[in-house]
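K.L.:
Okay, sequence plus prediction incoming.
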Amino acid sequence: MAVEPHPAAGERNHAHRFIAIWIVASLIATPLVVLLIGPIMPPGNGSTQASGHVTDNTVLIGMATPVLLLVLIYLIYAIVYFRAPKGGEAILEGPAVRGNSGVQSTWIVITSILVLALAVYGTVRLLEDGAGSGQGPSPAWPASGKKLPVQVIAQEWAFTYRYPTFGGVETDHLVLPVNQTAELHVTSLDVIHSFWAYQLGVKADANPNVDNVVFVKPTRTQTFEVRCAELCGIWHGFMSDHGRVVQPAVFEAWAREQQKRFAGTAKYLPPYSTKYVPEPARRAE
Amino acid sequence: MSVLAKKLLGIGVGVAVVAALIALYVATWATSAPPTVSAVGGQVVTGGAGAQLTLQTVAAIGPKYSTHPDWVSYLVLEKGKWVHSTVYKVPANSLVHVTILQYDGDSGLRNPFLSAVQGTTNGTETVDGKPIRGIDPEEASHTFVVPQLGIFIPLPGVPEEAKNQCEFAPCMLAQAHRTITFTIRTGKKGRYRWQCFVPCAAGWIDGFGGPMQTLGYMDGFLEVT
């Protein structure tokens, strides 16, 4: 039995109308998303690297907005215009679209542009400063200017920190001066961990016998969260800590105070090294 | 009922039974925890008094307390009896006096920094009656560390040459041991995990397997209530 085509299906201006709606909606929504949601994107602006992540996330959400609108508007448009009329005949699907080179080419070109643009953008961002990620023992993109070296030592299940420019003193909290680049040397004494200072936009693997260098420049005084981001055993979920970014004078005083406080332990610490292979590795049976 | 239907029913029942057994095993494992033991005198205090928590560390828990008799462990004194638990309830905003009878030999710390005493009321612990601010990390047998509260207590080991050493729990005062005491002031209510940092799990890689990865042996919780 022949079924009458849906009245709306025959209209020839659906594609133009839909594209027009999508373009207008995208032109309105994308700037709004970038301007209103962009500034509150994670992880905040605690450091130069974290601000970079905010920018990256804003770029991503800005590019994703038209894509999201394309899907949503198409869905809504179809529901409105192609729904079955009340009490009317069922709508049959039209003929399958096969070999439409125009549709295929457009799809391939647009998606390729999007993906390649993001790849280029990501590469450029990475080349700028390493984007707060670990760069291994020989950083490809070292930060310029004066740097404060700090060692991050992971072990099951806590982080400790050494300051080689303050006599190699070791502490159980990470404190950094504001507006000064820190050169973090991340390593582990046992299994694989991952040092993640969320608000600073820093994440670097902590591997035993490896010096993983990451740069970060905090841009405001703050308290930040430190977590292990690599499943490392029963207490992995508790391997967290809070660090502080303070004024340089406060940092200097704090570091000197740590030297005094842990003077008794200093004699037992191994000489500062970018990595350690501590004993005992295994207790006797 | 056809033969095929009977077969399908049998398979279905078998799968259901196996699934139930797996679920029961996982649920039992996931919900098992050592008993919570309260410190004696667990009341909020403002003066010099406080709660008392008495622990002992042993090289092997022994068959009386565990299905892993050779695992290193902590025990806690409750009403005059040693209980195998690492979950301790202590009062909030209070002084807690802790005594640890340490019966194990030394292993050494992998990170010497952890040999410093931190977080006690006077910055020291006493070892056999002598107040100290830290120990030689190579002499460490265990640590009692509550990272969230900044409490770091290194426990020196019993000398290798000591006579009458305890083989497994419960160990007696007449046997070779070190007595470590310290006092902490608890803050707000909460559940804080504690752990040993010495790689004391005999025979495991990095000394951090088995009893170091199982709640109830070398790690647990301080329940501040």
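P.N.:
Thanks, I have the structure now. Numbers count the residues shown, from 1 in each chain, chains lettered A, B, ... in the order given.

K.L.:
residue boundaries of the helices in the chain?
P.N.:
You didn't say which chain, so I picked chain A. A:14-32, A:48-81, A:101-129, A:248-261, A:263-266 (DSSP state H).

K.L.:
I was after chain B.
P.N.:
Using DSSP H, the helices of chain B run over B:3-31.

K.L.:
about what we covered before: right, so of the helices of chain A, which gets closest to chain B?
P.N.:
Nearest to chain B, of all those, is helix A:263-266, at 4.3 Å by CB to the nearest CB. (C-beta placed from N, C-alpha, C; glycine too.)

K.L.:
right, and A:H236 touches A:A154 too?
P.N.:
No - using CB atoms under 8 Å, A:H236 is not in contact with A:A154, being 10.9 Å away.

K.L.:
packing partners for the worst-scoring helix or strand of chain B on mean pLDDT?
P.N.:
Between all helices and strands in chain B, the lowest mean by mean pLDDT, DSSP states H and E belongs to strand B:36-38, at a mean of 82. With contacts taken as 3 or more CB pairs under 8 Å, 6 or more residues apart in numbering or on different chains; DSSP states H and E, strand B:36-38 sits against strand B:73-78, strand B:87-90.

K.L.:
Which elements pack onto the first one?
P.N.:
When you say that, I think you mean strand B:73-78. Using 3+ CB pairs under 8 Å, 6+ apart as the contact test, the elements touching strand B:73-78 are strand B:36-38, strand B:51-58, strand B:81-83.

K.L.:
Quick check: which of the ones you listed is buried the most?
P.N.:
Compared across these, strand B:51-58 shows the largest average neighbour count, a mean of 22 (mean count of other CB atoms under 10 Å in any protein chain shown).

K.L.:
what separates the most centrally placed residue in chain A from A:Q222, distance-wise?
P.N.:
The centroid of chain A falls nearest to A:H53 when counting by CA atoms, centre = their mean (5.9 Å). Using CB to CB, to the nearest Å, one gets 15 Å for the distance from A:H53 to A:Q222.

K.L.:
A:L68 too?
P.N.:
The gap separating A:L68 from A:Q222 is 33 Å, by CB to CB.

K.L.:
And these two? Which one has more around it.
P.N.:
A:Q222 (18 against 13; other CB atoms under 10 Å in any protein chain shown).

K.L.:
Could you tell me how many residues sit around the residue lying closest to that one once chain neighbours are set aside?
P.N.:
Nearest-residue entry for A:Q222: A:V245, 5.0 Å, with adjacent residues in sequence omitted and distances by CB to CB, 6 or more residues apart in numbering or on different chains. Under the neighbour criterion other CB under 10 Å, A:V245 is assigned a count of 27.

K.L.:
Repeat that for A:S101.
P.N.:
7.

K.L.:
again with B:K89
P.N.:
Neighbourhood size, B:K89 [other CB under 10 Å]: 17.

K.L.:
Can you name the residues bridging to it?
P.N.:
On the basis of DSSP bridges, B:K89 is bridged to B:S38, B:E223.

K.L.:
how about it, what does it touch?
P.N.:
When contacts are counted by CB atoms under 8 Å, 6 or more residues apart in numbering or on different chains, B:K89 touches B:T36, B:V37, B:S38, B:A39, B:G42, B:E223, B:T225.

K.L.:
For chain B, which residues are neighbours of chain A?
P.N.:
Neighbours of chain A within chain B, by CB under 8 Å from any CB of the partner chain: B:107-108, B:110-116, B:118, B:133-134, B:136-137, B:145, B:147-148, B:150, B:152, B:193, B:195, B:197, B:199-208, B:212-215, B:219.

K.L.:
same thing but at 7 Å, please
P.N.:
By CB under 7 Å from any CB of the partner chain, the residues of chain B that approach chain A are B:107-108, B:110-113, B:115-116, B:133-134, B:136-137, B:147, B:193, B:195, B:199-203, B:205-208, B:213, B:219.

K.L.:
residues in contact with the closest residue to B:C171 other than its chain neighbours?
P.N.:
Distances taken as CB to CB, 6+ apart put B:Y103 closest to B:C171, at 4.2 Å, once the chain neighbours are dropped. Shown in contact with B:Y103 (CB atoms under 7 Å, 6 or more residues apart in numbering or on different chains): B:Q56, B:T57, B:V58, B:A59, B:V158, B:C166, B:C171, B:Q175, B:H177.

K.L.:
let's see it at 8 Å
P.N.:
Neighbouring residues of B:Y103 by CB under 8 Å, 6+ apart: B:Q56, B:T57, B:V58, B:A59, B:V158, B:Q165, B:C166, B:C171, B:Q175, B:A176, B:H177.
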